[in-house]
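> how would this look folded up:
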Amino acid sequence: MIDKFLNKVTMYRLTLYYLIGLVGIAALFGGLGLLPYTPADIIISAIVAVISSYLANYCFAWFFKAVTNSESVFITALILTLIIPVKLPHSLPFIIGASILAMGVKYLVTVEKRHIFNPAAAAIAGIALLSPEYSATWWIGTPSMMPFVLIGGLAIVRKTRREDLVTTFLATYALVVAIFAFLHTGSALSILSILEKGIRQSALFFFAFVMLVEPLTSPPTKTLQRYFGGLVALLYSTPQVRLFGIVFTPETALCIGNIYSFLVSPQYRLVLALSERIQMTKDTFVFIFSRVNKFSFVPGQYMEWTLPHRDVDSRGNRRYFSLASSPTEASPMLTVKFNNPSSSYKKALLSMEKGDEIIASQLAGDFVLPKEYKKPLAFIAGGVGVAPFRSMIQYIIDNKLSVNIVLLFANRHMDDVIFADIFARAREYGIKTYYTLTDTTSIPPVWRGFTGHITSWMVQEAIPDFEKRTFYISGPQLMVQETEKILKQMHIEKAKIMTDFFPGYKETK
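Below you'll find the predicted structure:
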C-alpha cells in the first residue's frame, strides 16, 4: 500500500504534503499546550513565510529569466516555519528576512547556475552571522512531534532512496556523541542518557529526513553520500566546537557539507535544443538533442529534465529520465512513453519542435556498468526501462568490449519492442537477449520468445547460471519490486541486485 502511494507521487509533492501535515499537527498541538506556540502563531507564520518566499522567488526568477519550481518554494517556506521561532509579532522580521534570503540563495549563490547550498540552511546561517540575536530553535524537534516526523520522514527517505546517507549520518552522530559523553562522564549509563535526550529533544530526524537528503545539494552516488553524511554528522554533533569563530549549528554543518557535495559532484546544467524526435512505437518516442561538448557521464546514469511550459499541472515541470544515449554519442537522447491522458509535462515534451529547448541537470546514479566489464551480468528490463541498458550496450558496441551479459526484456506487445537492432548487433560482443510479451491474449503466431510476466522459471530458462550473475533491473517501479522479490526467493543475494531509481518518480502519464 505504501509503495503504491509512493509510486504515484513525486518527491517534491510528497515532501510538500509532509510539511503541510507537520504544520497542521503543530498548530493542533499548540492549541493543546504541547508546544510553546499558539495555533495562530504557527499558521500566520507559515502564511507569511509562504507569501514572502513566493514573492521573492517571483522577483528573482523574473530578474534572472530563470525557470523555477513552485513546489520547492513552498517546501523551503514550510521548513523555515518549522525551525525558526514563530512567536508573533517579534519573529516577523526573522521569518520575512529568512524567506527572502533563502530564495536569493537559489539564484545568487550559484556557480554556472548550479546550486551550492540548501536554501533554508543557508538563509538561517547567513542571518545568524549578520545578526547573532536571530537563530533557529528547531522547535519541530519535540517528543510530541517525533512520531509524525518519523512516519513521514521515513517515507521521504524510502522515496529518495537515501537510506545509506541517513543511516551513515545517524550512526556517525551516535558514535561521536557517545565518545564525547564518555570522555566527559566515563559512565556507560550517562552515555545512554545523553544519547536518548539528544534524540528526543533535538530535530535530528527532521534534519536528516528533509534537509540532508535534498537531491540538489547532496552527492549523486551512494559512496559519496556516505562520506557526506559522515561529515555533516561530525559537525552536527559537536556544537561546542568553533572554527574561525563559527559555531557548528545544524544549519552551518549542512552548509559545509553542501560545499563538499558541490566539489565532489560532477554536475551539469545543460540547455539542450531538440534535434530530432523519432516515434518508435505507437506511444514511445526517442528525443535526440543538440551535440554537447565536454559532457562526461557513465552509461546508465540519469538526469533531471526541466521543461518550461504553460498551464503546469500538479506534477510540475521536472522529471527524471535515464540517458538512453552512450557517452560515445555526442547527442544526449531520451526514450519516453506517453499514455493517454498525459501530464502537462508530457504534452509539452511531445509538442516540442526542432530547436525548442529543455534543461538537463543533476547527473546522478549508481545504476552503471561495473569497472570489470567481463563480470557476469543479467539485465532485466520492462518497457522504456530498457533506456539505461541501451546506453550501456551501445557503449559496449562502440568500444568493442567483450562482455558476458544476458538481457531479459519484457514488453506488453511485440510492437512495443524497441532497440532490437542494437541488441541483435551486440550479440557478437557477448550479449544475449531474450524477450517476453506480458499480454498473453494477443501473442502473434510468429512470436518465438517467452510469454507472460517475468517469473523465476523464465529467469532460470534464460539465465541458467543465474547464481553467478549480478542482476540489474529497470522498468516501472512495481515491476522492479516484483522482480526483485522473485530474485530474492531464488536466493540471489541482495548485494547482487541493482535496481534503477529516480529521486522523483517514473511517471507514466
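> ok, now which ones touch Gln279?
Neighbouring residues of Gln279 by C-beta atoms under 8 Å, 6 or more residues apart in numbering: Phe285. In this view, the C-beta of every residue, glycine as well, is placed from N, C-alpha and C.
> in the sheet, who's paired with it?
Phe285 (DSSP bridges).
> relative to Leu350, how far out is it?
As defined by C-beta to C-beta, to the nearest Å, Gln279 lies at a distance of 10 Å from Leu350.
> between the two, what contacts are shared?
Phe285.
> just give me the longest helix of this protein.
Counting by DSSP state H, the longest helix found in the chain is helix 39-64.
> now it: average pLDDT?
Average pLDDT, helix 39-64: 96.
> now that helix: how far from the chain's centre is it?
Its chain's C-alpha centre lies 25 Å from the corresponding centre of helix 39-64 when counted by C-alpha atoms, centre = their mean, to the nearest Å.
> next one: stretch 300-312
14 Å.
> cool, stretch 156-172 as well?
That offset, for stretch 156-172, works out to 12 Å (C-alpha atoms, centre = their mean).
> show me which residues of that stretch are buried.
Across stretch 156-172, burial judged by 16 or more other C-beta atoms under 10 Å covers Ile156, Val157, Lys159, Thr160, Arg161, Arg162, Leu165, Val166, Thr168, Phe169, Leu170, Thr172.
> can you put those in TSV and add distance to Pro250 and secondary structure?
Listed next are the buried residues of stretch 156-172 as TSV, based on distance: C-beta to C-beta, whole Å; DSSP: H, G, I helix; E, B strand; the rest coil:
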residue	distance to Pro250	secondary structure
Ile156	17	helix
Val157	18	helix
Lys159	22	helix
Thr160	19	helix
Arg161	23	coil
Arg162	17	coil
Leu165	16	helix
Val166	15	helix
Thr168	16	helix
Phe169	11	helix
Leu170	14	helix
Thr172	14	helix
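> farthest pair within the residues you listed?
Taking C-beta to C-beta as the measure, the buried residues of stretch 156-172 span a maximum distance of 22.9 Å, between Lys159 and Thr172.
> element containing Arg200, please.
helix 188-201 (DSSP states H and E).
> what's next to that helix, contact-wise?
With contact meaning C-beta under 8 Å, 6+ apart, helix 188-201 is reached by 141-143, 146, 174, 177-178, 181-182, 184-185, 204-205.
> pull that helix out as CSV, backbone CA atoms only.
Below are the C-alpha coordinates for helix 188-201, written out as CSV (Å, rounded to 0.1, in the frame of the first residue of the first chain):
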residue,chain,number,x,y,z
ALA,A,188,28.0,4.0,30.1
LEU,A,189,24.7,4.9,31.7
SER,A,190,25.4,8.6,31.1
ILE,A,191,26.2,7.9,27.5
LEU,A,192,22.8,6.3,27.0
SER,A,193,21.1,9.1,28.9
ILE,A,194,22.8,11.8,26.8
LEU,A,195,22.0,9.9,23.5
GLU,A,196,18.4,9.4,24.5
LYS,A,197,18.0,13.1,25.4
GLY,A,198,19.7,14.3,22.3
ILE,A,199,17.5,12.2,20.1
ARG,A,200,14.2,13.0,21.9
GLN,A,201,14.8,16.7,22.3
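> what helices and strands are in contact with the helix or strand following it?
The helix or strand immediately downstream of helix 188-201 is helix 204-206, counting by DSSP H and E. Secondary-structure packing of helix 204-206 (3 or more C-beta pairs under 8 Å, 6 or more residues apart in numbering; DSSP states H and E): helix 146-160.
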